[in-house]
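In: structure for the following, please:
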Amino acid sequence: MRAPSVIDLLLGQAEARPEAPALEDSLGTKWNYADLKHAADALSEVLGKEGVTAGDRVLIVSENCGAAVAALFATWLIGAVAVPVNARQTAHELDRIIAHAAPHAVLLTSAVSSDAVAHSARLNASETTGAWGALDLLCLPAPALDIDRDIAVILYTTGTTGDPKGVMLTQANVCFGGQTSANLRAMTPADLIYGVLPTTHVFGLCSVVVAAIHAGAPVRLVPRFDVCAVYDGLRDGITLFSAVPQMHALLMAHARANGLEALGSDTLRYVSSGAAPLDPTWKREAEAFYGVAIQNGYGMTESTAGTAATRNLIGDLDTSVGPALPEIEIAIDQADAVDGVGEVLTRGPHVMRGYFRNKVETARTIDAQGWLHTGDLGCIDGRGHLHIVGRAKELIIHGGFNVYPPEVEAALNDHPDVVQAAVIGRPFEGDEEVLAFVQVARDSGLSADILRTFVRDRLAGYKRPARYILAQSLPAAPTGKVLKHKLIETFAAELA
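Out: Now for the predicted structure:
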């Protein structure tokens, strides 16, 4: 029996529902499923004429738009491997990925992204137009590399040092991730999904775009997060909205700044948050703002986005990331567990094939029994719900006590003038000190002394930050996730 293919999802929709809406974007593109298939077919012919064949890598340097989705499916039609990369990467970061992925072709969404235009000019790419719209194309010599022919995408994760880590997800991984996300959200063709999460990230790729195509639901693609545009967009017929906590926090801060209490959408029915634990106070505020339950979830690139998720009713006090999704196992590594808290392990059809051109790191991450070692710390409660308490590598040991950054961040995020907080540790006099970097609402008048007083009754003494750095913004990835490894460098002057 042939393994499932993402192409099958598109072909099935194009055959059964050719006139049904598939996607729209900020350029005015409005495609039905027949249009999307035609765009992918036409672009695949161009790539084929340039010599792209099965197993070759096609780098897609993009921000969200119809052409980026067409590029994905054009690549898969050939049997090649898509390597989606956010156009907001620096030239240095992009060059390292090109060197590692060794692509035969590079496609850039220059029509929607000024950053893609800059990369295109530097790389000397040429414009190609057709049913897909406009893209810039560069062809490169492609060395023959050992790669399984069922690999659908290579997604490069945010790293701090060393060579880029390319996560290889198979066609079956991507199909499973899309189907599971669609089922979890009960997606139907009647939905309209807001696609602001980058399609270059596993969350936006699998849980939004592939899930939507599996369900036959249209997606409104937005190239990047702009709080005013997103606020207005969510009030325009959207039924499903998935985002990271930073996006939710900025939307609520925007509403408060404009004297608004709630989003006021008549159509929104499902809102999810991922990438960080939920604080009970924040959860209540967010549910009051959106008017629907906030669903939490847990996943990572190596696990095709989803591993566990909640299905709570509005007002539920549950702040876990929920039970394991269907067909997925989760466990806690008991080898170094303390009071039930240990490294989260997961196994199932969502686990990646491995890291591209890095067998050593693959063997360290996936053990002989097929368990993916996530590097996250968590525990499982009596109901089987998973609670994430932090990253193993981000654990702070202060005065001999374990300090979990998400707990400190949750306490800081309780303050109404805090948009978001990021907490890290730093060596100090033979110990580690707790540092808090806080993005504050404009014109709030918030100070470090006010925050010290605020957390005094919320955190034990050893958990309280030694330093507070207040700023209008924090370094962040295109998804909105704070880049903690850049905090010290970004705020070096304030920490001196």
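In: for the closest residue to Asp339 other than its chain neighbours, give the beta-bridge partners.
Out: With CB to CB, 6 or more residues apart in numbering as the criterion, Asp339 has its nearest non-adjacent residue at 8.0 Å, and that residue is Cys379. To be clear about C-beta, it is placed using only N, CA and C from the backbone, and glycine gets the same treatment. Following DSSP bridges, Cys379 is listed with bridge partners His387.
In: domain map for this protein?
Out: What automatic domain parsing lists as the domains of the chain is 6-169, 173-327+348-355+381-390, 402-495.
In: out of the ones you listed, flag the one nearest Gly340.
Out: domain 173-327+348-355+381-390 (9.0 Å; CB to CB).
In: first to last residue in that closest one, what's the distance?
Out: The first residue of domain 173-327+348-355+381-390 is 25 Å away from its last residue (CA to CA, to the nearest Å).
In: out of the domains of the chain, which comes closest to Thr362?
Out: Here domain 173-327+348-355+381-390 is closest among the domains of the chain (CB to CB), at 3.5 Å.
In: on that earlier part again, can you tell me which of the domains of the chain the model trusts least?
Out: Of all those, the minimum mean pLDDT falls on domain 402-495 (a mean of 88).
In: follow-up on the earlier one: the residue nearest to Asp339: what's it in contact with?
Out: 332, 339-342, 386-387, 389 (CB atoms under 8 Å, 6 or more residues apart in numbering).
In: now the farthest one out in this structure, which residue is it?
Out: In the chain, Glu429 marks the outermost C-alpha relative to the chain mean, sitting 36.6 Å out by CA atoms, centre = their mean.
In: excluding chain neighbours, give the residue nearest to Ala448 in space.
Out: In space, and not counting its chain neighbours, Ala448 is closest to Tyr468: 3.8 Å by CB to CB, 6+ apart.
In: who are the neighbours in contact with that neighbour?
Out: The contact partners of Tyr468, taken as CB under 8 Å, 6+ apart, are 436, 438, 448, 451-452.
In: and those, which two are the farthest apart?
Out: Longest distance between any two of the contacts of Tyr468 is 11.6 Å, between Val438 and Arg452; criterion CB to CB.
In: so between those two, which is more surrounded?
Out: Between Val438 and Arg452, Val438 has the larger neighbour count (other CB atoms under 10 Å), namely 24 against 13.
In: confirm that one sits in a strand?
Out: Yes - Val438 forms part of a strand when assessed by DSSP: H, G, I helix; E, B strand; the rest coil.
In: number the residues from 13 up from this point.
Out: Yes, from this point I'll number from 13; that puts the last item at Val450.
In: considering the contacts of Cys391, which possesses the most neighbours?
Out: Leu398 (25 neighbours).
In: quickly note the distance from that one to Ala404.
Out: 15 Å (CB to CB, to the nearest Å).
In: same check on Glu421?
Out: Distance of Glu421 to Ala404, given as CB to CB: 17 Å.
In: the two - which one has more neighbours?
Out: For Glu421 and Ala404, the more surrounded residue by other CB under 10 Å is Glu421, and the numbers stand at 24 against 15.
In: quick check, central residue of the chain?
Out: In the chain, the residue lying closest to the centroid (CA atoms, centre = their mean) is Phe215, at 4.1 Å.
In: identify the residues contacting stretch 337-356?
Out: Under CB under 8 Å, 6+ apart, the answer for stretch 337-356 is 188, 192, 195-196, 318-321, 336, 357-362, 383, 385-392, 398, 400-401, 404, 414.
In: quick one: the helices in the stretch 363-508 of the chain?
Out: 371-377, 417-425, 460-467, 499-502, 504-507 (DSSP state H, counting those that start in this stretch).
In: next, format those as TSV and append distance to Asn136.
Out: As requested, those are exported to TSV (distance: least, CB to CB, whole Å):
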stretch	distance to Asn136
helix 371-377	33
helix 417-425	43
helix 460-467	49
helix 499-502	31
helix 504-507	36
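In: so which of those gets nearest Val239?
Out: helix 417-425 (17.1 Å).
In: part of a helix, is the residue nearest to the centre of the chain?
Out: Yes - according to three-state DSSP, Phe215 belongs to a helix.
In: show me where the stretch 13-162 of the chain has its helices.
Out: Using DSSP H, counting those that start in this stretch, helices in the stretch 13-162 of the chain cover 18-28, 45-61, 78-90, 103-113, 126-135.
In: how far does the shortest one sit from the chain's center?
Out: Centroid separation for helix 126-135 versus its chain: 23 Å, with CA atoms, centre = their mean, to the nearest Å.
In: which strands and helices sit next to it?
Out: Counting contacts by 3 or more CB pairs under 8 Å, 6 or more residues apart in numbering; DSSP states H and E, helix 126-135 packs against strand 69-74, helix 103-113, strand 117-120, strand 145-151.
In: nearest to Arg454, of those?
Out: helix 103-113 (29.9 Å).
In: buried sites along the closest one?
Out: Within helix 103-113, the residues scored as buried using 16 or more other CB atoms under 10 Å are 105-106, 108-110, 112-113.
In: what does that helix rub up against?
Out: Outside helix 103-113, the residues that touch it by CB under 8 Å, 6+ apart are 69, 71, 73, 95, 97, 101, 118, 130-131, 134, 152, 166, 168, 175-176, 178, 368-369.
In: just the buried ones among the residues you listed, please.
Out: Burial by neighbour count, judged by 16+ other CB under 10 Å, picks out 69, 71, 73, 95, 97, 101, 118, 131, 166, 168, 176, 178, 368-369 from the contacts of helix 103-113.
In: looking at the residues you listed, which is nearest Leu39?
Out: For these, the closest approach to Leu39 (CB to CB) belongs to Val73, at 16.7 Å.
In: any of the contacts of stretch 337-356 buried? List them.
Out: By neighbour count, with 16+ other CB under 10 Å, those hold 188, 192, 196, 318-321, 336, 357-362, 383, 385-386, 388-392, 398, 400-401, 414 as buried.
In: mind checking which of these land in strands?
Out: Among the buried ones among the contacts of stretch 337-356, DSSP state E puts 320-321, 357-359, 385-386, 388-392, 398, 400-401, 414 in strands.
In: closest to Val221 out of the residues you listed?
Out: Closest to Val221, out of all of these and judged by CB to CB, is Ala321, at 18.0 Å.
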